[in-house]
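> Here is my input; please provide its structure:
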Amino acid sequence: MKVHFIAIGGSAMHNLAISLCKKGYQVSGSDDEIFEPSRSRLSKHGILPEKSGWDVAKINTDIDAVILGMHAREDNPELIKARELKLRIYSYPEYLYEQTKNKIRVVIGGSHGKTTITSMIMHVLKFHNKKFDYMVGAQIDGFDTMVSLSNDTSVAVFEGDEYLSSPIDRRPKFHLYKPHIAVLSGIAWDHINVFPTFENYVDQFKIFIDKIEEKGSLFYCDLDSNLTSLVANTNNSIEKTAYGVHPFSIEKGITYVNSMDENIPLKIFGEHNLQNMNAAKLVCNKLDISDNDFYMAIAEFSGASKRLEVLAENTETKIFLDFAHSPSKLKATVNAVKNQYKGKKLFAVMELHTFSSLNSDFLSEYKDCMNEADVGVVYYNPDVIKHKKLESISMEQVRRAFNKDDLTIIISQAELLKFIKKTNLLNTSLLMMSSGNFSGIDLKSFAKDLLKS
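Residues are numbered from 1 along each chain as shown. Reported below is the predicted structural model:
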């Protein structure tokens, strides 16, 4: 099988390329820019393009499938030639379905928590030596790649993203997977550039529910009224099971869950993660993992990359990195750290980085999201706003949107670093939250240096 990737350097695309290479496929690809770690990983497997840019000479009738990434444009010369030759062109999610259409597909959707729930399921299945295909949106301990496809598996576990599939396929990715077992963690408006109204965004989840295979199963968080309404009104003949927060307790900064009268310590914390864990348990039960086996495995789960990841710590200070960027994620993460370490001051720093978060029409969604922080900072880079061709936003607009009078707004990376360094971090949890990297900060090195000073 010969497969060509247009825009092979993307996070998802290069992982799929490596997975197919391991499967024995002949893989080629092109891209106009490939950054680390994609570059080194593609090179390791012998599929790094010899030069950057697009090369129509790579497109010929010997190719069995072309996989088109979101980074490519509709006028991409390789895409144009592939269409002229009438080659089979797939979006990334479309090809994942093609590879797993004869398997039991588990798909985790929702505006928040889907990476963590997917990671938990993967961890538990691997812990008990179960073979499965997977696709997840973060690097997980114990897994070399974010995608794996093989011939000797009967189950596929996919994170179901609601963003668009490709430049020529405007359907949300999770509409293409047609799961037998599905999870929806909640609905909170995001991707305003694609779904300009909340109602339009909610419709995507209705469509997802309708696409669950007949006699399939849906596990959904009943703490979300919009989600429970969708589930109640679906005509799809599926099994529907609600879940909430798994019962837990916190002692000396450690979260415990109870099973068979035994208190089991976890490496994760926060009510949102106890919701995520409940969803993962229900899916694993459906895949013939008993409760006891689930708890045995989940006790060893330390979380996905950039999901309340500990960057550095000592006896006085803990420094976390979290991917939180949307209002619901931000509020849940701040709440989790505040409640887990009640004796510590919470110093929360959040970067507005996504298209939605930097849009003046969306800012009001952040109201009260940082209120539990003892010290709250919101950072944004005006150059990023220009690059995204958005209207400028003022520091006062941001302050009013968050509704926190003592919120500090910073628009210079140098000023941000200075502010953090001069803040007393004794008896403090420092929480750094962004889908980016605060305009290029090496956050792990920065965190370690903070604790040295």
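> And this structure, what are its domain boundaries?
Split into domains by automatic domain parsing, the chain comes to 2-87, 95-298, 309-452.
> Turn the ones you listed into a markdown table, columns for mean pLDDT and mean neighbour count.
Yep, even glycine has a C-beta here, placed from its N, CA and C like the rest. What follows is those, written out as a markdown table (pLDDT from 0 to 100; neighbours: other Cβ atoms under 10 Å):
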| stretch | mean pLDDT | mean neighbour count |
| --- | --- | --- |
| domain 2-87 | 96 | 18 |
| domain 95-298 | 95 | 19 |
| domain 309-452 | 95 | 18 |
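> OK, contacts around Glu159?
Contacts were defined as Cβ atoms under 8 Å, 6 or more residues apart in numbering; by that measure Glu159 touches Val107, Ile108, Lys114, Thr115, Thr118, Met135, Val136, Gly137.
> please redo it, this time with the cut-off set to 10 Å
The contact partners of Glu159, by Cβ atoms under 10 Å, 6 or more residues apart in numbering, come to 12, 107-110, 114-119, 121-122, 134-138, 146, 173-174, 177, 304.
> Okay, and the beta partners of it?
As for beta bridges, Glu159 partners with Ile108 under DSSP bridges.
> what's the spacing between it and Glu199?
The span separating Glu159 from Glu199 equals 25 Å under the rule Cβ to Cβ, to the nearest Å.
> Mind naming the longest helix for this protein?
Residue-count comparison of every helix in the chain, with assignments taken from DSSP state H, identifies helix 271-286 as the longest.
> From Leu184, how far out is Asn235?
From Asn235 over to Leu184 the distance is 17 Å, taken as Cβ to Cβ.
> Over to Ser439?
Using Cβ to Cβ, Ser439 is found at 34 Å from Leu184.
> Beta-bridge partners for Pro172, please?
Beta-bridge pairing for Pro172 (DSSP bridges): Leu164.
> quick one, what contacts it?
Contacts of Pro172 were listed using Cβ under 10 Å, 6+ apart, and they are 93, 109, 160-165, 191, 194-195, 201, 203-205, 207-208.
> So which of those residues are in strands?
Among these, the members found in strands (DSSP state E) are Gly109, Leu164, Ser165.
> residue contacts, the last one?
Which is Ser165. So Ser165 contacts 68, 70, 90-94, 171-176 (Cβ under 10 Å, 6+ apart).
> and Lys386, what does it touch?
Shown in contact with Lys386 (Cβ under 10 Å, 6+ apart): Ser392.
> taking the contacts of Pro172 one by one, which sit in helices?
Using DSSP H to define helices, the subset of those located there is Pro93, Tyr201, Asp203, Gln204, Phe205, Ile207, Phe208.
> Show me which of these is closest to Met1.
Pro93 (18.7 Å; Cβ to Cβ).
> quick one: pLDDT of that closest one?
The per-residue pLDDT reported for Pro93 equals 97.
> Could you check how far it is from Leu416?
36 Å.
> same check, this time on Leu390
Relative to Leu416, Leu390 is positioned 21 Å away (Cβ to Cβ).
> Please save the CA atoms from stretch 214-221 in PDB.
In PDB, the C-alpha atoms belonging to stretch 214-221 read as follows (Å, rounded to 0.1, in the frame of the first residue of the first chain):
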ATOM      1  CA  GLU A 214     -27.200   1.200  15.900                       C
ATOM      2  CA  LYS A 215     -27.500  -0.600  19.300                       C
ATOM      3  CA  GLY A 216     -24.300   1.300  20.400                       C
ATOM      4  CA  SER A 217     -23.700   2.900  23.700                       C
ATOM      5  CA  LEU A 218     -23.300   6.600  24.800                       C
ATOM      6  CA  PHE A 219     -21.900   7.600  28.200                       C
ATOM      7  CA  TYR A 220     -22.600  11.300  28.900                       C
ATOM      8  CA  CYS A 221     -22.000  13.700  31.800                       C
END
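> Could you give the bridge partners of Val3?
As assigned using DSSP bridges, the partners bridged with Val3 are Val27, Ala65.
> same deal with Val155?
When bridges are taken as DSSP bridges, the partners of Val155 come out as Ile104.
> Thr100 is in contact with that one, correct?
Yes: taking contact to mean Cβ atoms under 10 Å, the distance of 8.9 Å between Val155 and Thr100 places them in contact.
> any shared contact partners between these two?
By Cβ under 10 Å, 6+ apart, Val155 and Thr100 have these common neighbours: Asp133.
> quick one, strands of the stretch 251-400 of the chain?
Per DSSP state E, counting those that start in this stretch, the stretch 251-400 of the chain carries strands over the ranges 254-259, 262-265, 309-313, 317-322, 345-351, 375-379.
> In contact with Leu311, which residues are there?
So, once contact is read as Cβ under 10 Å, 6+ apart, Leu311 ends up touching 318-321, 430, 432, 443-448, 450-451.
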